[in-house]
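Sequence first, predicted coordinates after that:
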Amino acid sequence: MSHYFRQDYLTVPDGAALYYQVQGEGEPGMVMCDGLGCDGFVWKYLAPYLGQSYRVLRWHYRGHGRSGLPRERQRIGMLYTCDDLNRVMDAAGIDQAVVFAHSMGVQVALEFHRRYAHRVKGLVLICGSYGSLLDTFHDGNWLKRLFPFIRFAVERFPQPAAQLTRTLLSTELAMQIALSVELNRSLLAKSDLVPYFTHLANMDPVVFVRTLESAAHHSAWDHLPHVDVPTLIIAGEHDKFTPAWLSRRMAAHVPDSEFMMVPQGTHAAPLEHRELVELRVERFLREHLPASPPAPLAPFRESEREPLDVASSPT
């Protein structure tokens, strides 16, 4: 197992300082794209597992995790995110990668393939949709109807919104509701979910709603037939955020894609069924994208020697 680890910031032309970390060695590279309001909690097990054989890049979107914001705060959204990933891959020394994506990250991965296909060796799309996510949340469009009012309130009263969000998400009640309604408490350790709530409670709500607005208006549906790389699509049987039928629909329209349904899995399937997901991903990579000797890596500084538990770091 490689112990290589490097972390750094890349400041892009509009001033956003993007956090990224690289762990492990081996080609092709693996890039992890998070969901909305996440800073990597869902990759807690899968990223280190991949890091035993591959070079793994984890990074944070604008205003997420350790990444900062551009000088003009309205520069948030899907196309900025794809351009950011292109630059971060350059900084990390990764020419081509298998792009792993969770939740909203699935939209990022598909749009990135549309715009930068030459950089994508494969796709692993987990518990996500090809777009227009507000249309299908909990198999209804009630959030789509409610969102304009939420966005107005957050944009008009950002400080009270931040305080309210921090207060609500810091309660034990919020955690218990999530475990009871959205997730499978019999399969998910509470400690695996704490980093998500910690990050979301401290995130700027304006960044959250602007990112969500961009994702709500984005769709890669028309691009699905043009995906020309090995693709594995994983769905959670009881996922309420992005219902499993969306993943089935994607699999039906992405040429030669592979599909796996995680029994009793929810939106956090990689945490609930870590071994099942790891074994399926390993088989997919072995059959379609076998590992090759690692390319030369940039040396790391002493300050970068010890990896950080990024998922536990608040904004």
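Alright, I've got the coordinates.

what's the closest non-adjacent residue to the residue nearest to the spatial centre of the chain?
By C-alpha atoms, centre = their mean, the chain has its centre lying nearest to Asp34, at 1.3 Å. Distances taken as C-beta to C-beta, 6 or more residues apart in numbering place Gly105 nearest to Asp34, at 5.3 Å, with adjacent residues excluded. Glycine gets a C-beta too; all of them are placed from N, C-alpha and C.

For Ala244, see how far away the one you found is.
Using C-beta to C-beta, to the nearest Å, Gly105 is found at 17 Å from Ala244.

picking up where we left off before, okay but the residue nearest to Asp34 is in contact with Cys127, surely?
No: Gly105 is beyond contact range of Cys127, at 9.5 Å (criterion: C-beta atoms under 8 Å).

Check the burial of Ala252 by counting its neighbours.
Residues within reach of Ala252, counting by other C-beta atoms under 10 Å, total 11.

in which helix or strand would I find it?
helix 244-253 (DSSP states H and E).

Go through that helix and flag the buried ones.
Ala244, Leu246, Ser247, Arg249, Met250, Ala251 (16 or more other C-beta atoms under 10 Å).

ditto for stretch 285-293
Buried, per 16+ other C-beta under 10 Å, within stretch 285-293: Leu285, His288, Leu289.

hang on, the first one in a strand?
No: assigned with DSSP: H, G, I helix; E, B strand; the rest coil, Leu285 falls outside any strand and is helix.

Relative to Ala251, how far out is it?
18 Å.

repeat for Asp135
Distance from Asp135 to Ala251, by C-beta to C-beta: 19 Å.

Same check on Val56?
Applying C-beta to C-beta, the value for Val56 to Ala251 is 25 Å.

Which strand residues bridge the closest residue to Arg55 other than its chain neighbours?
In this structure, Arg55 finds its nearest non-sequential neighbour in Gly29, 4.6 Å apart by C-beta to C-beta, 6+ apart. Beta-bridge partners recorded for Gly29 (DSSP bridges): Ala97.

Might you report the residue contacts of Arg185?
Arg185 makes contact with Leu179 under the criterion C-beta atoms under 8 Å, 6 or more residues apart in numbering.

Validate this expectation: it resides in a strand.
No: going by three-state DSSP, the assignment for Arg185 is coil, not a strand.

Buried residues, the strand or helix carrying Arg280. List them.
Arg280 belongs to helix 274-288 when assigned by DSSP H and E. By 16+ other C-beta under 10 Å, the buried positions in helix 274-288 come out as Arg274, Leu276, Val277, Arg280, Val281, Phe284, Leu285, His288.

Kindly export that helix (C-alpha atoms) in PDB.
Extracted in PDB, the C-alpha atoms of helix 274-288 (Å, rounded to 0.1, in the frame of the first residue of the first chain):
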ATOM      1  CA  ARG A 274     -19.000  -0.500   2.100                       C
ATOM      2  CA  GLU A 275     -17.800  -4.000   1.200                       C
ATOM      3  CA  LEU A 276     -20.400  -4.600  -1.400                       C
ATOM      4  CA  VAL A 277     -19.600  -1.300  -3.100                       C
ATOM      5  CA  GLU A 278     -15.900  -1.800  -2.900                       C
ATOM      6  CA  LEU A 279     -16.000  -5.300  -4.400                       C
ATOM      7  CA  ARG A 280     -18.300  -4.100  -7.300                       C
ATOM      8  CA  VAL A 281     -16.000  -1.100  -8.000                       C
ATOM      9  CA  GLU A 282     -12.900  -3.400  -7.900                       C
ATOM     10  CA  ARG A 283     -14.400  -5.800 -10.400                       C
ATOM     11  CA  PHE A 284     -15.400  -2.900 -12.700                       C
ATOM     12  CA  LEU A 285     -11.900  -1.400 -12.600                       C
ATOM     13  CA  ARG A 286     -10.200  -4.800 -13.000                       C
ATOM     14  CA  GLU A 287     -12.300  -5.700 -16.100                       C
ATOM     15  CA  HIS A 288     -12.300  -2.300 -17.800                       C
END
